[in-house]
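Colleague: fold the following.
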Amino acid sequence: MSDHAGTHVDVPKHFDPSPGALSIDKMPIEDFYTEAICLDLSYVELKATISVKEMEDALTASGQEIKQGDTVLIYMAFNKRIPFDDPRWQHDFPGLSLEAVHWLADKGSRIFGVEAISPAPEGEPNFQAHNACGKRGITHIEGLDHLEKVAFR
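Modeller: Now for the predicted structure:
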């Protein structure tokens with residue numbers, strides 16, 4: 001079974017090699033019971049890296065704010081554009097730039113979520129995003145399905 005078979009949390013231990021990095025059983029349950037906002041980045045091209053400006057624009061358009069400890073859900077309309085059984089589903093997803101991950105941490109978000117199997121486009125951007133999560137003490141949820149139905153009713 002793929003490690004990306006469903007919705008899951010990439011815990012700090014996944015991307016932080018230090019002995020004290022948290023596994024899922026050590027993460028405070030309170031981290032997962034937060035207020036959440038959803039940013040609409042559904043217009044972002046496949047395989048694109050989402051910039052801080054695009055994140056700021058989406059936040060402004062939402063009329064919301066990111067408060068300390070909030071979860072931020074990133075809607076990219078990925079599952080709507082590429083069906084699960086299409087081979088591109090595992091490779092063509094958009095995602096956050098390294099700077100956008102730092103921006104979320106600077107805003108106070110401890111967890112962010114994406115529809116795709118990773119938080120950033122395949123290759124170096126994805127490696128950088130995972131490492132930034134480790135350095136900043138934040139994490140992310142991958143494989144969120146039906147995000148549009150939850151966030152934009």
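Colleague: list the buried residues for stretch 44-57?
Modeller: By 16 or more other C-beta atoms under 10 Å, the buried positions in stretch 44-57 come out as 44, 48, 49, 50, 52, 54, 55. Every C-beta, even on glycine, is put in place using the N, C-alpha and C of the backbone.
Colleague: contacting residues around that stretch?
Modeller: Applying C-beta atoms under 8 Å, 6 or more residues apart in numbering, the external contacts of stretch 44-57 come out as 39, 41, 74, 76, 78, 81-82, 88, 92-97, 99-100, 103-104, 120-122, 125.
Colleague: average model confidence for it?
Modeller: Averaged over stretch 44-57, pLDDT sits at 98.
Colleague: next one: stretch 74-82
Modeller: Here stretch 74-82 scores 93 as its mean pLDDT.
Colleague: which is the next helix or strand following the longest helix seen in the chain?
Modeller: The residue-count maximum for a helix in the chain (DSSP state H) belongs to helix 124-136. Downstream of helix 124-136, the next assigned helix or strand under DSSP states H and E is strand 139-142.
Colleague: buried subset of the contacts of stretch 44-57?
Modeller: Neighbour-count burial (16+ other C-beta under 10 Å) is assigned, among these, to 39, 41, 74, 76, 78, 81-82, 92-97, 99-100, 103-104, 120-122, 125.
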